[in-house]
Structure formats: C-alpha cells, structure tokens
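Novice: Just need the structure, nothing else, for what follows:
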Amino acid sequence: MNEFGWNENWSTKWDELQTNDKFENCIPGRVILEHKHMYRVITESGEWLATCSGAFQHAAAERRDYPAVGDWVAIEKMAGEDKGIIHSILPRTSLFSRKVAGTTTAEQIVAVNVDIIFLVTSLNQDFNVRRLERYLLAAYDSGASPVIVLTKKDVCEDPLPYIEEAESIAFGVPIYAVSSVTGEGIDDLQKMLTGGKTAALLGSSGVGKSSLTNALSGIEVMAVQNIREDDAKGRHTTTHRELIKLPFGGLMIDTPGMREFQLWDNSESLDVGFKDVDEIADRCRFRDCEHGNEPGCAVQQALADGTLAEDRYNSYLKLKKELAFIERKTDAAAQRAERNKWKQLTKEAKKRPVKKR
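Specialist: Have a look, this model is predicted:
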C-alpha cells in the first residue's frame, strides 16, 4: 500500500485503531473514488466497492464524519464478494473544505490527507487575485502546504505581472509558472510529489487542471475541453473527485472546477492570509481601533499613502464579514440540530412501553 501513500505515520494510527476488538476483521484501505453513497477503496487485497456500516452512519453527525477521497479507512471484506464495509476513518492529516455553492449553509469536503495543495489559475483573463486570496485562506487552514501554479505559460507573452500580483498576497508561498503543452515547469512540480506524497489540484473551470494532471502523469488520464475564446473561461471537465496514482510515485486528487468559492470556518487563517493588514493594524494608537476616524489609525494612514492597497483592504473586510456570517449560521444550525436530536430521543422514549414493577 506504500504506492498509495501508506507510511509509518499511517501505520501508527492503524496500530492505535487495532486496540479496539471491533476492528479485528478489518484491513486498511484508501478511498480513491466517491460515488453518491458508495466508495471505491484500494486495499492490499484489491479494489473494492464499499459502503459505510450502519453503526458508522448512525454515529455520523455531519458531512466531515463520512469518508472522502483520500481517506484511509478500516474496511471489512464482504464474504464471497469484491465489496467491503467501512467501519472507521483513520484520523486525517489535512482537510480542505468550502461552503457548498448557493444559499445552503453546509460544508463540502474538497480534499483530505493531502500533503500539498496546488492552487491552479491560468495566465490569461481568468486570473483573479481576489479569488486566489480565498483559496489561500482555505489552504492555510487545511493543514496542507499551498503552492500556486500559474498555467498556460506557452500562450502568455509576459507572465511576470501575474507572478508579481500573486506574490503580493501569497507571502512565502512557492509560485510556479508552467505549461502543460511544452512541459515547462512540470518537472518542478513532479519533484514535490516523490516519496508517495499526495497533492490536490484546486481551481476554477478552464484553468487547465486536467491538462496539468495529464502532463504530470505523462499520459492522458483526464478528459480535456477547450476554453472559450471570448472570455478565456472553460466548462466543467472533471465531474468527480478521484485519487490518481502517478508513474513517478506521487498521487494526485483532481477536483471539479469551482465557479464560486465561499469559505467555510477559516477565521483563524484570516490572520495568516492577511498578515500585512494585521501588521499595519498593530501600529494603531488604540488597541481597539476600528480603523475608521480614530486618531492615530495606522490602517487609514497606510491607505492614504498607498502602503496598503484599497482593494486588498476591502477584500479583507469582505472576507471577515463573510466568515462572521458563516459562523453565526453554523452556530444556529448546530443548535437546531441539537434540539431536534433531543426531541427525537424524547419522542422515541415516550413510545417505549413502561415496565411494571
């Protein structure tokens, strides 16, 4: 299983799980594909189609309690079939998520147990530094290491302005300009994935994620569609998440393109992603400065002299407001779920016959 990322760290986690007798008939496996309510799991005994056990589903309270592509699970083989039952998930090393698209307040798991997150955007009209800020915040919070990949270098006359704009918001994050057509820069990305490391490709539709996956693997493993000429935007090519084994030993999770990316509970990473704003705010005369008309406000001074770009600060305020809203909504949803849970337990208790003494 080493070729799918199994290492001493996972072996230790597995030994800890095995202290519980209920997992004695299980073996470790990694989720490589997720269907609606079923999973493709690779094990040392082969690839199985799997579902979660009844006890597992009963204990699961939210989306992150269920398996996702990249998870290592404890799976038991069904007698006489190439199918399995998932009984547990090994503790994750990283988790990248977002709010589901639309008005519903719920979490969508994008990638788990990845070492590196390739944040992919193209060197054309689709490049959007504000969207890149959002991806970075989620990446910082995930536990994986972010790397910015600027694709389609072969059709960009001057990539330097794009690189400089990315550097202005991604402090210390590696940035690579690559071409899946010519192969330029692909070797640098491949070197990061040696030793069984797992990466996830994240970005909007049409930025070249599937082409990049094909370039990294050396063969065509993902279908590719052309972008529209008028606005450089693409259509969804990848329609599902899948763990792909690369020939040189790494693993890759390609994900569907995202037309919108709303953050999910990443308030702690706001300070990391906007440390330039925080450092300026620390110089304000008053510790409770709201950066309005207060005297000695370093933020307002920085905006006035151009040290802090206005669109950068406005983005910070917008994301801060968005995260506060998500926090309020999730707190309210959690309270409702708890109330409903106890209502259901009370209802079931009333149905039970009373034992006579």
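Novice: Look up how far Gly208 lies from Val155.
Specialist: Spatial separation of Val155 from Gly208 under the definition Cβ to Cβ, to the nearest Å is 10 Å. For the C-beta atoms, the positions are set from N, CA and C on the backbone; glycine is no exception.
Novice: of these two, who's got more company?
Specialist: Gly208 (29 against 12; other Cβ atoms under 10 Å).
Novice: If you drop the residues flanking it in sequence, what lies closest to the more buried one?
Specialist: The spatial neighbour of Gly208 that comes closest, neighbours along the chain excluded (Cβ to Cβ, 6 or more residues apart in numbering), is Thr151 at 3.9 Å.
Novice: all helices of this protein, in order?
Specialist: Listed from the start of the chain, the chain has helices (DSSP state H) covering 8-17, 54-59, 129-142, 160-167, 186-192, 209-217, 267-273, 275-281, 298-305, 310-351.
Novice: Single out the most deeply packed of these.
Specialist: Per-residue neighbour counts averaged over each of those give the maximum for helix 209-217, namely a mean of 23 (mean count of other Cβ atoms under 10 Å).
Novice: any idea of the mean pLDDT for that one?
Specialist: Along helix 209-217, the predicted local confidence has a mean pLDDT of 88.
Novice: Quick check, Pro146 in contact with Val173.
Specialist: Yes - counting by Cβ atoms under 8 Å, Pro146 sits close enough to Val173 to count as a contact (5.3 Å).
Novice: Could you check which of the two is surrounded by more residues?
Specialist: Neighbours were counted for Pro146 and for Val173 using other Cβ under 10 Å; Pro146 has more, 22 against 17.
Novice: Quick check: which ranges of the stretch 201-350 of the chain have low pLDDT?
Specialist: Residue ranges of the stretch 201-350 of the chain with pLDDT under 70: 219-240, 256-269, 325-350.
Novice: ok, back up a step: what's the closest of the helices of the chain to Tyr39?
Specialist: In this view, the helices of the chain are compared for proximity to Tyr39 by Cβ to Cβ, and helix 54-59 is the closest at 11.7 Å.
Novice: got the contact list for that closest one?
Specialist: Residues outside helix 54-59 that contact it (Cβ atoms under 8 Å, 6 or more residues apart in numbering) are 65, 86-88.
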